[in-house]
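> could you work out the structure for the sequence below:
(4 chains)
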There are 4 protein chains.
Amino acid sequence: MTDRIGLAVIGVGRMGRLHAANAASLPGARLVAVCDVDPAAREWVAAELDVRALPSVEAVLERGDVDAVVVATTTRTHAQVIAAAARAGKHVFSEKPIGLTLEETDAVLQALVHAGLQFQIGFQRRWDPAFVAARRAIEAGAIGEPRLFKAHGRDPQPASLAYHDPANSGGIFLDAAIHDYDAARFLMGREVARVTAHGATLVHQPLATVGDVDTCVTVLEFQGGGLGVCEWNRFAVYGYDAWAEVQGPEGALRLGGLQQTALLALGRAGVSHDTMPGFLERFHDAYRAELAAFVGALREGRPASPGVEDARRALQIALRARESFQQGRTLDVAALPALT
Amino acid sequence: MTDRIGLAVIGVGRMGRLHAANAASLPGARLVAVCDVDPAAREWVAAELDVRALPSVEAVLERGDVDAVVVATTTRTHAQVIAAAARAGKHVFSEKPIGLTLEETDAVLQALVHAGLQFQIGFQRRWDPAFVAARRAIEAGAIGEPRLFKAHGRDPQPASLAYHDPANSGGIFLDAAIHDYDAARFLMGREVARVTAHGATLVHQPLATVGDVDTCVTVLEFQGGGLGVCEWNRFAVYGYDAWAEVQGPEGALRLGGLQQTALLALGRAGVSHDTMPGFLERFHDAYRAELAAFVGALREGRPASPGVEDARRALQIALRARESFQQGRTLDVAALPALT
Amino acid sequence: MTDRIGLAVIGVGRMGRLHAANAASLPGARLVAVCDVDPAAREWVAAELDVRALPSVEAVLERGDVDAVVVATTTRTHAQVIAAAARAGKHVFSEKPIGLTLEETDAVLQALVHAGLQFQIGFQRRWDPAFVAARRAIEAGAIGEPRLFKAHGRDPQPASLAYHDPANSGGIFLDAAIHDYDAARFLMGREVARVTAHGATLVHQPLATVGDVDTCVTVLEFQGGGLGVCEWNRFAVYGYDAWAEVQGPEGALRLGGLQQTALLALGRAGVSHDTMPGFLERFHDAYRAELAAFVGALREGRPASPGVEDARRALQIALRARESFQQGRTLDVAALPALT
Amino acid sequence: MTDRIGLAVIGVGRMGRLHAANAASLPGARLVAVCDVDPAAREWVAAELDVRALPSVEAVLERGDVDAVVVATTTRTHAQVIAAAARAGKHVFSEKPIGLTLEETDAVLQALVHAGLQFQIGFQRRWDPAFVAARRAIEAGAIGEPRLFKAHGRDPQPASLAYHDPANSGGIFLDAAIHDYDAARFLMGREVARVTAHGATLVHQPLATVGDVDTCVTVLEFQGGGLGVCEWNRFAVYGYDAWAEVQGPEGALRLGGLQQTALLALGRAGVSHDTMPGFLERFHDAYRAELAAFVGALREGRPASPGVEDARRALQIALRARESFQQGRTLDVAALPALT
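Below is the predicted model of the structure:
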């Protein structure tokens, strides 16, 4: 069993707890420990999964049986945890985004690269069966050259005001719409050259008090031509809704996934089916697949993906979109030299 | 305008009124008159469509400007109306079934054939875009040789007890399931060799008092192999539901049509859409198309279809299914020599 | 029969021919004549529908038995035909848009208003069962106050270069996207305050030679809050695709209609269904319903709708969207005083 | 970790391998060993999951760290493996059916009951989210008293002739349709009183040479009223297809699940989506859930379900259906006294 990858999950809130459960059941991995600043949270998950509960990032990083860490803490702490992991020689799987600025992000990713450590970012759409099938169909020429990308992501409701405070999460562009910016790059196979962003607080007015919005629309112009339209909002009371479409001269691909259970109810009021309670349910298989891929990359010495450049590019688009919204005008997305 | 076909509609209840409206708006036809035993019904429709209201079948048949009649009276009177039309030299489009026995049916159809008059029966599924497309796909080899037929038809509720009295309508096998027996012949391209039928009053107990049931299941064995399963019931409170499927060694075709309006409502309780209030809505286009085809056949001197043999065969299956249900055993469907 | 409305259809290309067929079969109307500059076109349709073929607009307008005209000529001639109709005292149903400038449009609509004549514009989405049901659901509070509008309309391919020449059709914003600007007003129940438009020739490069694009994206900001995102393109090889969505704090309504026939084919390659060949098929029922409504309004002396102000508002948005695209910036949509 | 349930999987063909993978990743279980008569099969799975490969049932049953066995051998050996497990004091989870006769089945299940051992049968539909949701909806009164059950199950193609030999698998009624007989009991909440079965070899003629058919239709009559119609066939080249419906006086519930990935491809030939390659994909989550439930029942000392009586009842219906088909007549399903 010595070739199993030793994992520790840092931060076991909603997302980290799912990563921990997946880590505990992946054939090629061994979950060594979980860690959280909240003793109740870490003890609960540790008991549930029969692993150690550790009180601090340091306690995790000093363990020799931990090969890699899964970072699922609050967004604003990602960079410092990753920096520490880099110093301790641990591979890193991290939730998005890495940092709230490109400088901070580049610094910690550079450290990982210099140390020869692997890095993967939690853009789970890339591991969802529908997104994977779409990419394969595009590569097989099903729609010709992709020319138009459309996506929306919608949450049933906001989380806490603290969560949405841009100082913690980066705001809707960095915290949420960034998923679709990455999906745009993944499916269009091109980089974004210009962004025009709009935002508004259409339903949940308190978000405005911390400087966030509940709705954003981003128009993307791709290098070499191609348009994209991404919308995200936080008031889809009907359930979590991740939708995307790519259109080319030979057809289009449309990715949905609104129905959770294959059951229709036919009654006097019509025909109805259920929806997705949240992203955990919608991307249940993808979260497991992305961690399996990370573990597989570590075991086989292949580069993990989506990686350093994917993390940086998506963040750069998100930062420029936020700026575009704030300034009310279209902005260029500059070329971004690769980290070396 | 002399080449327009002069039509009269006999019986303007729910079904006849729709036929009359279609007759009034078909480019190649001219609706001359409507007729009904109920003065209020015939006057209403006549005023609505700006045509004559006639008080009797005789008054219709003696008019020289009536080339053909559409028979939409209660089922038990079909045969005598058709017989009178045959004597008067009028072509006939009739609702199904023609008679409540094969003998009665054969007699009046024979009279039409001998008089060289056209006949078409209202098996409107044959004119529904989905059924037509299915037949074309089968003929094009999309599923290989059709081997399994399945269908169900469901009404939201029974009509009146008088309607369901087998002495008036023939009961569920002759009145309702007959549509699917015809669809089976249309899509399988084979005759039925044996039937096994089941029935039960599952919800609307009063139907039993007149000798009818609200649910029936018929298993069909086709000549040369092939199975069919038809179900009909009268308690689909969610709306009218006509469904069919044909399966062969290369695939299957599935015909639905439960949704009336292309609108989805996404709410806290899930996603929902509307249903079909009744067969008039489900087969709205088919009812118009079948009458247009009848008129086209008359104008161009082509044989109308589905015609005499289709009417007889479907009735024969329905009669044997009812007998099978009553006797609790499988029955042969004898060969039926064509009328000449 | 004297209370039937006498109609004439001016311009019997693809759209006009459908209007003529509908006019010929509406119970409350009488199609008197059709007119087209192309003798073959007008003779064909006239023979098909058994009405007069007239060679000129003048010949139509001088007839006393013509109460109203249906204008389906090429876009750039709409205004002059309507002006002539106004002078001749004929009510007008016209395809969109009325003119290529707001001044021209206002002039001819003013003439109709002053003459006490009825006017209706061919925004047929307002008569599509799904759009009607959506509006009713919104009015019934199904989604709460509408806050986000999204729509796309897509044609399978461009028409001729001459058609797309902005001098003839106004270009994609006036010719196509205008349908969704009207739908936005219809479903959101608010006026548009600001527009930001993008466009690109993503597939059909020749369109650029006449100054049009094959793809446009318009972001709408509504008075009093609310966002809209409209996309239109001309390279949906999979079929005509009209889609819309309205979201509010209590849910969303989604309008589709991609499938023409209720048939699924299940084969080795998966499950498939057909699509809509074009807008004539998608809005088949709506085209008939809008003309029936126009005729009904004339017969009953009610104001026709969508009318003068709807025509002007949608055109104003389309003109500003085109300007926004050309200037690369967000533009206000000024208040528009009603014509009196 | 001592409270984890020690599991061994006996038979690691397609089905057993999936059970083994699930057993290896369930938090409350520990997969101790796998066993198969084929050394290559057992070594492969053992290596993949990092557990012992044992050469015989005896070697499995003598281990003290095995608390329960999962029986996934060929059907005709189920009974003897279960009998041995009972003697060795091991709890049993077994694939269906237990034996090829009711006598054999009763004998081994009696042995388990007498020994106070737990038993669960692999009717995985009971753990599928859609079937579970349907049962809950029925219990909540969504459709009123269930009155009509319909189901079909379809395999893309037959397995080997040896597999379908009734001496090995029991034939289509015991091997396949039994799933829907259990689902009928699960969703209708009633026992079956009479069966009428039909069968035919519609496509795969070689099946007839071993005495099996590729298609069967079973009509069920329930105690106290209610009808059921179950169809199963082995030529659904479009993919695995498990479908069910329950209808009552207040509505219906329809369970599908034909689409594997939430992706639509929109092309010139129409709109298409993928299908289910096989039952492993369709019931992926259900297979994991059923084993988790078994482990949960063992850990908490609750009775496992579906259990002894469910296994016996479904087998009894299957046996009577096969007889009905062979005799060409309707048969009663006698009352079945519970094992004690």
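> give me the mean pLDDT for the strand or helix carrying A:Tyr287.
Taking DSSP states H and E as the definition, one finds A:Tyr287 inside helix A:284-300. Looking at helix A:284-300 alone, the average pLDDT works out to 97.
> pLDDT score for the closest residue to chain C within the stretch 1-150 of chain A?
When you check the stretch 1-150 of chain A against chain C by CB to the nearest CB, the closest residue turns out to be A:Arg147, at 4.0 Å. Any C-beta I mention is one placed from the backbone N, CA and C, and that applies to glycine too. Per-residue confidence (pLDDT) for A:Arg147: 98.
> mind checking pLDDT for A:Thr2?
Here, the pLDDT recorded for A:Thr2 equals 46.
> typo on my end, A:Asp36
Confidence per residue is given as pLDDT, and for A:Asp36 that number is 98.
> now do the contacts for the residue of chain A positioned farthest from its centre.
Distance to the chain centre peaks in chain A at A:Arg268, reaching 40.8 Å (criterion: CA atoms, centre = their mean). Residues counted as contacts of A:Arg268 (CB atoms under 8 Å, 6 or more residues apart in numbering or on different chains) are B:237-238, D:250-251.
> including neighbour count, pLDDT and distance to B:Gly256, could those residues go into CSV?
Conversion of the contacts of A:Arg268 to CSV gives the following (neighbours: other CB atoms under 10 Å in any protein chain shown; pLDDT from 0 to 100; distance: CB to CB, whole Å):
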residue, neighbour count, pLDDT, distance to B:Gly256
B:Val237, 21, 98, 18
B:Tyr238, 25, 98, 13
D:Glu250, 16, 98, 22
D:Gly251, 21, 98, 17
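> turn the residues you listed into a markdown table, including distance to D:Gly153.
What follows is the contacts of A:Arg268, written out as a markdown table (distance: CB to CB, whole Å):
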| residue | distance to D:Gly153 |
| --- | --- |
| B:Val237 | 27 |
| B:Tyr238 | 24 |
| D:Glu250 | 26 |
| D:Gly251 | 23 |
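> of those residues, which ones also sit close to chain A?
Intersecting these with the contacts of chain A gives B:237-238, D:250-251 (criterion: CB under 8 Å from any CB of the partner chain).
> mind checking which of those residues are in helices?
Per DSSP state H, helices hold no members of the ones next to chain A among the contacts of A:Arg268.
> hmm, which two among those are most spread apart?
B:Tyr238 and D:Glu250 (9.1 Å; CB to CB).
> isn't A:Gln316 right up against A:Leu331?
No. At 11.0 Å, A:Gln316 does not count as touching A:Leu331 under the criterion of CB atoms under 8 Å.
> in chain A, which residue is most central in space?
For chain A, the residue sitting closest to the mean C-alpha position, by CA atoms, centre = their mean, is A:Phe123 at 3.5 Å.
> ok, that one to A:Tyr181 distance?
When CB to CB, to the nearest Å is applied, the distance between A:Phe123 and A:Tyr181 equals 9 Å.
> which residues are in contact with both of the two?
A:Ala314.
> would you mind listing what in the stretch 151-300 of chain A touches chain D?
Residues of the stretch 151-300 of chain A that fall close to chain D, judged by CB under 8 Å from any CB: A:250-257, A:260-268, A:274.
> residues contacting the nearest residue to A:Arg282 once chain neighbours are set aside?
Spatially, and ignoring its direct neighbours in sequence, A:Arg282 is nearest to A:Met276 (4.4 Å; CB to CB, 6 or more residues apart in numbering or on different chains). A:Met276 is in contact with A:239-241, A:257-260, A:282, counting by CB under 8 Å, 6+ apart.
> between the residues you listed, which sits nearest chain C?
A:Asp241 (8.6 Å).
> quickly find the element holding that closest one.
Element membership for A:Asp241 (DSSP H and E) is strand A:241-248.
> domains of chain A?
Using automatic domain parsing, the domain parsing of chain A gives A:5-123+A:294-305, A:125-285+A:314-332.
> how long is the first one end to end?
One end of domain A:5-123+A:294-305 to the other measures 17 Å (CA to CA, to the nearest Å).
> one more: the longest one?
The first residue of domain A:125-285+A:314-332 is 26 Å away from its last residue (CA to CA).
> which neighbours do B:Tyr238 and D:Glu250 have in common?
In the contact map built from CB under 8 Å, 6+ apart, the residues linked to both B:Tyr238 and D:Glu250 are A:267-268.
> just to revisit the earlier point, want to throw the domains of chain A into JSON lines with distance to B:Arg154?
Conversion of those to JSON lines gives the following (distance: least, CB to CB, whole Å):
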{"stretch": "domain A:5-123+A:294-305", "distance to B:Arg154": "43"}
{"stretch": "domain A:125-285+A:314-332", "distance to B:Arg154": "10"}
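> which of the residues of the stretch 151-300 of chain A next to chain D are buried? Put it as a ChimeraX command.
What follows is the ChimeraX syntax for the buried subset of these, where burial is set by 16 or more other CB atoms under 10 Å in any protein chain shown:
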select /A:250,251,252,253,254,255,256,257,260,261,262,263,264,265,266,267,274
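> looking at the residues of the stretch 151-300 of chain A next to chain D, which are in strands?
With DSSP state E as the criterion, strands contain A:251-255, A:263-267 from among these.
> can you add distance to D:Ala297 and give the residues you listed back as CSV?
Listed next are these as CSV, based on distance: CB to CB, whole Å:
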residue, distance to D:Ala297
A:Gly251, 49
A:Ala252, 48
A:Leu253, 44
A:Arg254, 42
A:Leu255, 38
A:Leu263, 25
A:Leu264, 31
A:Ala265, 30
A:Leu266, 34
A:Gly267, 34
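> tell me, which of those residues make contact with chain C?
The subset of these lying close to chain C, counting by CB under 8 Å from any CB, consists of A:251-252.
> now the strands for the stretch 51-200 of chain A?
If DSSP state E, counting those that start in this stretch is used as the criterion, the strands of the stretch 51-200 of chain A fall at A:52-54, A:68-71, A:91-94, A:119-121, A:148-154, A:192-200.
> still on that earlier bit, for the strand holding A:Asp241, the distance to its chain's centre please.
Taking CA atoms, centre = their mean, to the nearest Å, one finds the center of strand A:241-248 at 17 Å from the center of the full chain.
> the inter-axis angle of that strand versus strand A:148-154?
Put simply, strand A:241-248 runs at 180 degrees to strand A:148-154, going by axes from the mean of the first three to the mean of the last three CA atoms, to 10 degrees.
> show me what strand A:241-248 pairs with in its sheet, parallel or antiparallel.
The sheet places strand A:241-248 alongside strand A:148-154 (antiparallel), strand A:251-255 (antiparallel), with pairing taken from DSSP bridges.
> and the contacts of the shortest one?
Read it as strand A:251-255. Applying CB under 8 Å, 6+ apart, the external contacts of strand A:251-255 come out as A:130-131, A:134, A:137-138, A:142-144, A:242-247, C:236-238, D:262-268.
> what's the angle from that strand to strand D:263-267?
Calculated by the same axes, to 10 degrees, strand A:251-255 forms an angle of 170 degrees with strand D:263-267.
> list the contacts for A:Ala84?
A:Ala84 makes contact with A:57-58, A:61 under the criterion CB under 8 Å, 6+ apart.
> flag every buried residue along the longest helix anywhere in chain A.
Longest helix in chain A by number of residues, with DSSP H as the criterion: helix A:308-327. Judged by neighbour count (16+ other CB under 10 Å), helix A:308-327 contains these buried residues: A:308, A:310-322, A:324-325.
> I'd like to know how many residues surround the closest residue to A:Gly171 other than its chain neighbours.
The spatially closest residue to A:Gly171, leaving aside those adjacent along the chain, is A:Asp212, at 4.8 Å (CB to CB, 6+ apart). For A:Asp212, the neighbour count with other CB atoms under 10 Å in any protein chain shown is 26.
> where does A:Asp212 sit: helix, strand or coil?
Under the three-state scheme (DSSP: H, G, I helix; E, B strand; the rest coil), the conformation of A:Asp212 reads as coil.
> report the contact partners of it.
A:Asp212 is in contact with A:164-166, A:171-172, A:201, counting by CB under 8 Å, 6+ apart.
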